[in-house]
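Q: Okay, here's the prediction I keep looking at, along with the sequence it came from:
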Amino acid sequence: MRARKRRTRFIWDAIGLLTFVVIAFPVYWMIASAFKPDEELNSLTPTWFSLHPTLSHFRDAINRPFFWDGVKNSLIVVSVTVALSMVCAFLAAIALAKFRFTGRKLFIVLIIGIQMLPQAGLIIPLYVVLARYHQVNALSGVIVTYMTFVLPFSVWMLRGFLLGIPKELEEAAMVDGSSRVGSFTRILLPLVAPGLVATSIFAFITTWNEYIFARVLLNDQAKQTATVWLSYFTGTSRNTDWGGLMAGSTLIAIPVIVFFLIVQRKIAFGLTTGAVRG
Amino acid sequence: MTLARAVRWAAPYLLILPVVAIVVAILGYPLYHLARLSFQKYGLFELIAHHGTSVGWANYRSVLHDQIFWHVLVRTIVFTVANVGLTMGIGTLLALLLTKVSSFVRVLLTAGLVLAWSIPPVVAVQVWLWMTDRENGVLNYTLTRLHVGNYFQHDWYATPFSQLSLTTSLIVWGAIPFVVVTVYAGLTQVPTEIVEAAEIDGARPWRIFWDVTVPIIKPIFLILTSLSIIWDFAVFTQPFLLIGQPAINTSNELMGIYLFEEGYLKTDFGRGAAISILMLLIVAVLSIVYVRKMVRAGDEAQ
């Protein structure tokens, strides 16, 4: 009985390892290819692990036109969007978590309904409206657009984190004679800080990764974000510089990978608290 | 005292005001504009003049009489069913697998999933293009070496079916991690006492899964499915970049791309608006389940 159990466990582990290889392979291949010399990339027999790694593709990628423009624009768009969104979203999350008020349900419907809007369906109206107010080809137009995507899930996630704080802590502070605002800054804020960081990082990733609206709203190459820069990398030539493309891809993916590893568990928590309880 | 009460009454409204203002201005107004545009002739000239001419239902009539719209709609529905089915099926199987493996493999597999989850879609597209390259792609080499068939210099972008299948593989790869992590979180909530009690009673594993596990993860499953339907129905970035704009035509277009080509690239914003409205309506019908569930969850809190 025990031997059989061990054998089934072994089979499951083998399947698990195989699945790991399949799922992680594209990421490995991207990074590995970025370091390979051209002879290995252009050979009919792939090199699984390069013994002659080179940094030349990274040098090529960052020296291509508009790479630094793209990175700079992405950083501006991301930091402004995240900073503004977190302030607004946090205020709204407090309203949802700590107050009962008429129209609360309507607000929840609004927050969740927005997330159901397919972004492709908004390309045309946003382009036309932003063009009217001269916000096409301006980073400010992209920033306000991104805020509308970031705000709903940020409110929802922060609400989840706020609900996780025991009410007793807050009440204890009130009994001690501190005002509502006082109890908020001294007790609530430190407790919710990890949630705020997690939500900001998630907002960072969403904004950094976005493609459609950056592509549609920014026509000038010097104004484009990093993802749009990458999408134009191959250009129209038939001979793609695969090494450079993979190096560029790696550079754009790295910040996201790092941040994702930090907050991965919190994201699952924030997204599912509503779902699991329902 | 009355002042304090007034402040207390106004506080939540002041707190939600910034979010509501931004959403109404940047989303509400364009949506209202979208509805108006769909009844107007609005091209490049009108864009510059900031003024469209009303044409009644002409845009809708033109779209609904367009053979291509119906082809695209059917193709998008089939594509969505395939993508959602594969994402949910494989995702659930992997979540179950996570409960069976040793903790070392579980950590490793979770790390792999998080890695896949974190790759930006635009980056994933480039990696797919490289892996499926005709001459030097690792996919053709591996399939040939494993004797799956002769894939020497096989062109993965030759037929619409092949193009869309590749797109599916890319989307499913990127979407699975979220499903696995969420379903696995649900599975760990299944109380072990009930499972053990059922085992002692001599219930078969399949029966236990069906009668104990399934009812507990069903709400999560429903929400994930409706979210996936919404995302996949309107998908844009992956097919647009993987198939590549020059190769996109009426034989491989999906709804999101059809809308982009007809409305934005052909600068026929009025007709594009009509397609957008039709798409929003379809997605709205599909997403009602999700919204109702979430609203109920949100209302319970406090």
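A: Received the coordinates, thanks.

Q: just the helices in the stretch 151-278 of chain A please.
A: In the stretch 151-278 of chain A, the helices defined using DSSP state H, counting those that start in this stretch lie at A:167-175, A:180-183, A:189-209, A:212-217, A:226-231, A:242-277.

Q: Comparing the ones you listed, which stretch has the densest surroundings?
A: With neighbours taken as mean count of other CB atoms under 10 Å in any protein chain shown, the helices of the stretch 151-278 of chain A reach their highest mean count in helix A:226-231, at a mean of 24. Using the backbone N, CA and C atoms, a C-beta is placed for each residue, glycine as well.

Q: Output the contacting helices and strands for that helix.
A: Contacts defined by 3 or more CB pairs under 8 Å, 6 or more residues apart in numbering or on different chains; DSSP states H and E place helix A:226-231 against helix A:67-98, helix A:189-209, helix A:212-217, helix A:242-277, helix B:121-131.

Q: give me the number of residues near residue 126?
A: By default, I'm working from chain A. Neighbours of A:Leu126 under the rule other CB atoms under 10 Å in any protein chain shown: 27.

Q: The chain in question should be chain B.
A: 26.

Q: likewise B:Ile275?
A: 28.

Q: what sits against it?
A: With contacts defined as CB atoms under 8 Å, 6 or more residues apart in numbering or on different chains, B:Ile275 is in contact with B:Val63, B:Phe69, B:Met255, B:Tyr258, B:Leu259, B:Glu262, B:Gly263.

Q: would you turn the helices of the stretch 151-278 of chain A into TSV with mean pLDDT?
A: Putting these into TSV (pLDDT from 0 to 100) gives the following:
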stretch	mean pLDDT
helix A:167-175	68
helix A:180-183	67
helix A:189-209	86
helix A:212-217	92
helix A:226-231	92
helix A:242-277	73
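
Q: now the ones you listed in TSV, with distance to B:Gly272?
A: Shown next, in TSV, are these (distance: least, CB to CB, whole Å):
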stretch	distance to B:Gly272
helix A:167-175	50
helix A:180-183	49
helix A:189-209	25
helix A:212-217	12
helix A:226-231	21
helix A:242-277	30
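
Q: just how off-centre is stretch B:135-150 within its chain?
A: Relative to the mean C-alpha coordinate of its chain, stretch B:135-150 is positioned 30 Å out (CA atoms, centre = their mean, to the nearest Å).

Q: what does stretch B:147-164 give?
A: For stretch B:147-164, the separation from the chain centroid amounts to 25 Å (computed by CA atoms, centre = their mean).

Q: So which bits of it are buried?
A: Neighbour-count burial for stretch B:147-164 flags B:Tyr151, B:His154, B:Trp156, B:Tyr157, B:Pro160, B:Gln163, B:Leu164 (criterion: 16 or more other CB atoms under 10 Å in any protein chain shown).

Q: Which ones among the contacts of B:Ile275 map onto strands?
A: The members of those all map outside strands under DSSP state E.

Q: of those residues, closest to chain A?
A: Checking these against chain A by CB to the nearest CB gives B:Gly263 as the nearest, at 4.7 Å.

Q: wait, what's in contact with the residue of the stretch 101-250 of chain B found nearest chain A?
A: Proximity of the stretch 101-250 of chain B to chain A (CB to the nearest CB) peaks at B:Ala234, 3.0 Å away. B:Ala234 is in contact with A:Pro118, A:Gln119, A:Ala120, A:Gly121, B:Met255, B:Gly256, B:Met279, B:Val283, counting by CB under 8 Å, 6+ apart.

Q: how about the fifth one, what does it touch?
A: Translated: B:Met255. Contact analysis of B:Met255 by CB under 8 Å, 6+ apart lists A:Ala120, B:Val72, B:Leu73, B:Thr76, B:Phe233, B:Ala234, B:Ile275, B:Met279.

Q: Tell me which stretches of chain B form strands.
A: With DSSP E as the criterion, chain B has strands spanning B:40-41, B:53-54.

Q: most tightly surrounded among those strands?
A: When those are compared using mean count of other CB under 10 Å, strand B:40-41 is most buried, at a mean of 19.
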